[in-house]
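Engineer: pasting the structure only:
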């Protein structure tokens, strides 16, 4: 029943029809109630999830049993489905397609921990390696064009799913915001013959006012024009378009800087809900000659959005954001935080 | 201190620096507290706002005194300022400019009414005429490029500003989401030699499944690909790019269909917070030859976004929206609502 539809005016794809009328209104009412019950992400409750897709576990333990360190399971309320045909069709002037894809949950700890920054660097490293493993594995499905990896962190959620986890959505298209970035990066490279993101890193290092943390491989900073207060972007300092090509030593430094950045947000803003989104290159399919210069143009990075202000329809209806606190002040506060 | 900054990656402008660190954290903490006090928008409390810019009032009453029907005042927490120079400058690779512009509040009723749909059609008509008056008046300031008119309606707000009002932001630039629309519309016209929006109206009239209400001049429907549940778009049925060129008879029909649409949302969703945003053409300045075909390509409209689901950083970080309930179901529920 669910499908992907394109808005002709904004050129954005959306997914719809994932819930029936009854499910939708039940979920709406549930929001205000406390959901009681055991956490199905905790070790020992493996039977409460769908069978695992992948895990890192002790060599003598079996799938779907205790003994794992990180575990990947399909989402029960899967927004995308791996079976079926692409079914790209038009309806009059409109475009739609079936919601082919994958929706997976990456459970980041066997313990009921609610903020990824409380995990050890070695544990976070395992999570970041699994991101690579899953992106590489899904590359075998030629129908897929992009893998979005993101986190909705709700440390204070009374719901069971406060348990720290990331989500993976493998899509049959590249989302508009990512495509806009790829095009921006290409335009900039065409004009300057330099990577836009490398130039941003150099500018931040010159200005020094928005940097929060640096290590040999990564830089964490508050962008010059942020959408929300205390937004952080982390980029590899060496030019690299593809998250999957980072080696273990680099990923360990990525885990270190993520841990520090997320701990600082938790400390300054009293452990707020937040999102992070990994921005890397799309799968390079034969029909995407369009992106043939992408490894020169683009530069992978991660964007972290604390949710402390209300995001209104106005903001994405207009594409115009009001972020009251100067990025330099946000950066100073984060830099000085423990 | 506040300024407009451009994000080089997304090409979006944002405004920042409107609050000091102290003001920001005070406002953050205030959110959870009840703000007591008289409503400064109510008749009789005129002295509590800044001096009025414009009003419709009884002929024998003086400005800033009782006797008005609709009243326009500058925002006290003005995000934009009308004084000063444009000051477009670069900072290294970054672009910024002063926050030249206007931020006005249109108080829609002398009574403490919280939802515009409770006003009479004649009163709503006055509000919509004032939108035109203000857009025309601000056109005299050559520095301004676009006027965004929008509403953040909070019928259940415990804050004083629950009192029904709209906001006007006159900007020295055209916001990215509007620019994207203008470009989409131009591409479509170049390709088909027809207006995209006129084609959408014809498609909706053929499908019939997403229409909520029609009158001689306007159509209200749930778009084919909505960002949020129960989103409504209203368009004039006759091609017209410019909101300001609608005559009084047409605006009365616009007031009628807005009242019905907003009442239906209030009825179905228990009077939720919502936003609406008017999308019309930018000011056509000498340097904007860019938009010379705009009166053929574009079609003004209004978008209404009820706020019942959480909008996360994920959604505009990725540009990918998940709207669980099929637009056809939303439309059916709204159509049948009283």
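Structural biologist: Great, that's in hand. Bear in mind that the values here come from a model prediction, so they are computed numbers and not experimental data.

Engineer: so where's chain A uncertain?
Structural biologist: Regions of chain A meeting the criterion pLDDT under 70 cover residues A:1, A:30-37, A:78, A:86, A:158-161, A:288-289, A:311-314, A:316-317.

Engineer: what about the closest residue to chain B within the stretch 101-250 of chain A, which helix or strand?
Structural biologist: Taking CB to the nearest CB, chain B has its nearest neighbour within the stretch 101-250 of chain A at residue A:177, 2.9 Å off. The way it works is simple: take the backbone N, C-alpha and C, and place the C-beta from them, glycine included. Here residue A:177, judged by DSSP states H and E, is contained in helix A:176-192.

Engineer: Would you mind confirming that the residue of the stretch 101-250 of chain A closest to chain B is in contact with residue B:11?
Structural biologist: No: at 11.0 Å, residue A:177 and residue B:11 do not qualify as touching, with contact defined as CB atoms under 8 Å.

Engineer: neighbour-wise, which of those two wins?
Structural biologist: residue A:177 (19 against 16; other CB atoms under 10 Å in any protein chain shown).

Engineer: Not counting residues beside it along the chain, what's closest to that one?
Structural biologist: residue B:319 (2.9 Å; CB to CB, 6 or more residues apart in numbering or on different chains).

Engineer: Can you show me the helices along the stretch 1-150 of chain A?
Structural biologist: Listed in chain order, the helices of the stretch 1-150 of chain A (DSSP state H, counting those that start in this stretch) span A:21-30, A:121-138.

Engineer: swap in the stretch 201-338 of chain A?
Structural biologist: Secondary structure of the stretch 201-338 of chain A (DSSP H, counting those that start in this stretch): helices at A:248-268, A:294-297, A:313-318, A:327-336.

Engineer: Could you identify which of those is most buried?
Structural biologist: Scoring these by mean neighbour count under mean count of other CB atoms under 10 Å in any protein chain shown gives helix A:313-318 as the most buried, with a mean of 23.

Engineer: quick one, what contacts the residue located most distally from the centre of chain A?
Structural biologist: The centre of chain A is farthest from one residue, residue A:92, which by CA atoms, centre = their mean lies 33.9 Å away. Neighbouring residues of residue A:92 by CB atoms under 8 Å, 6 or more residues apart in numbering or on different chains: B:203, B:206-207.

Engineer: ok, which of those residues also contact chain A?
Structural biologist: Filtering the contacts of residue A:92 for neighbours of chain A using CB under 8 Å from any CB of the partner chain leaves B:203, B:206-207.

Engineer: From those residues, list the buried ones, please.
Structural biologist: B:203, B:207 (16 or more other CB atoms under 10 Å in any protein chain shown).

Engineer: Now render the ones next to chain A among the contacts of residue A:92 as TSV, adding distance to residue B:96.
Structural biologist: Converted to TSV, the ones next to chain A among the contacts of residue A:92 look like this (distance: CB to CB, whole Å):
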residue	distance to residue B:96
B:203	42
B:206	47
B:207	45
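
Engineer: Considering the ones next to chain A among the contacts of residue A:92, which is situated nearest to chain A?
Structural biologist: Closest approach to chain A among these (CB to the nearest CB): residue B:203, at 4.6 Å.

Engineer: so who does that closest one touch?
Structural biologist: A:92-94, B:224.

Engineer: Include distance to residue B:132 when you put these into a markdown table, please.
Structural biologist: Below are those laid out as a markdown table (distance: CB to CB, whole Å):
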| residue | distance to residue B:132 |
| --- | --- |
| A:92 | 33 |
| A:93 | 31 |
| A:94 | 32 |
| B:224 | 29 |
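
Engineer: Show me what from the stretch 51-200 of chain A comes close to chain B.
Structural biologist: Residues of the stretch 51-200 of chain A found near chain B (CB under 8 Å from any CB) are A:79, A:91-94, A:148, A:150, A:152, A:169, A:171, A:175-181, A:184-185, A:188, A:196-197, A:199-200.

Engineer: Same check on the stretch 201-338 of chain A?
Structural biologist: Counting by CB under 8 Å from any CB, the positions of the stretch 201-338 of chain A adjacent to chain B are A:203, A:206-207, A:223-229, A:274-275, A:277, A:303, A:305, A:307-308, A:311-327, A:329, A:333.

Engineer: swap the cut-off to 7 Å and go again
Structural biologist: A:203, A:206-207, A:223-228, A:275, A:277, A:303, A:305, A:307-308, A:311-314, A:316-327, A:329 (CB under 7 Å from any CB of the partner chain).

Engineer: Just to check, residue A:315 is in contact with residue A:321?
Structural biologist: Yes: Residue A:315 is within contact range of residue A:321, at 5.4 Å (criterion: CB atoms under 7 Å).

Engineer: can I assume residue A:242 is in contact with residue A:281?
Structural biologist: Yes: with contact defined as CB under 7 Å, residue A:242 and residue A:281 form a contacting pair (5.3 Å).

Engineer: Which of these two has more residues huddled nearby?
Structural biologist: Between residue A:242 and residue A:281, residue A:281 has the larger neighbour count (other CB under 10 Å), namely 23 against 16.

Engineer: List the contacts of the more buried one.
Structural biologist: Applying CB atoms under 7 Å, 6 or more residues apart in numbering or on different chains to residue A:281 gives the contacts A:241-242, A:294, A:298.

Engineer: quick revisit: who are the contact partners of the residue nearest to residue A:177?
Structural biologist: Residue B:319 is in contact with A:12, A:175-177, counting by CB under 7 Å, 6+ apart.

Engineer: can you redo those as a markdown table with distance to residue B:71?
Structural biologist: As requested, these are exported to a markdown table (distance: CB to CB, whole Å):
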| residue | distance to residue B:71 |
| --- | --- |
| A:12 | 37 |
| A:175 | 43 |
| A:176 | 40 |
| A:177 | 39 |
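
Engineer: burial count for residue A:41?
Structural biologist: Other residues lying near residue A:41 total 25 when counted by other CB under 10 Å.

Engineer: What residue, apart from its backbone neighbours, is nearest it spatially?
Structural biologist: Nearest non-adjacent residue to residue A:41, counting by CB to CB, 6+ apart: residue A:163, 3.9 Å away.

Engineer: Report how many residues lie close to the nearest residue to residue A:308 once chain neighbours are set aside.
Structural biologist: Distances taken as CB to CB, 6+ apart place residue A:272 nearest to residue A:308, at 5.2 Å, with adjacent residues excluded. If you count neighbours by other CB under 10 Å, residue A:272 ends up with 16.

Engineer: shouldn't residue A:272 be in contact with residue A:305?
Structural biologist: No: judged on CB under 7 Å, residue A:272 makes no contact with residue A:305 at a distance of 10.0 Å.

Engineer: Give the bridge partners for the one residue sitting closest to the centre of chain A, please.
Structural biologist: Chain A has residue A:150 as the residue nearest its centroid, 2.0 Å off, counting by CA atoms, centre = their mean. With DSSP bridges as the criterion, residue A:150 is bridged to residue A:167, residue A:277.

Engineer: what's the distance between residue A:309 and residue B:76?
Structural biologist: Distance of residue A:309 to residue B:76, computed by CB to CB, to the nearest Å: 19 Å.

Engineer: Over to residue A:273?
Structural biologist: From residue A:273 across to residue B:76, the span is 30 Å (CB to CB).

Engineer: thinking again about what came up before, would you write a PyMOL line that selects the buried entries of the contacts of residue B:203?
Structural biologist: A single PyMOL command selects the buried members of those (16+ other CB under 10 Å):
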select buried, (chain A and resi 93+94) or (chain B and resi 224)
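
Engineer: In strands, which of the contacts of residue B:203 fall?
Structural biologist: Using DSSP state E to define strands, the subset of those located there is residue A:94.

Engineer: Of the contacts of residue B:203, which is the nearest to residue B:113?
Structural biologist: Relative to residue B:113, the closest of those is residue B:224; by CB to CB it sits at 33.5 Å.
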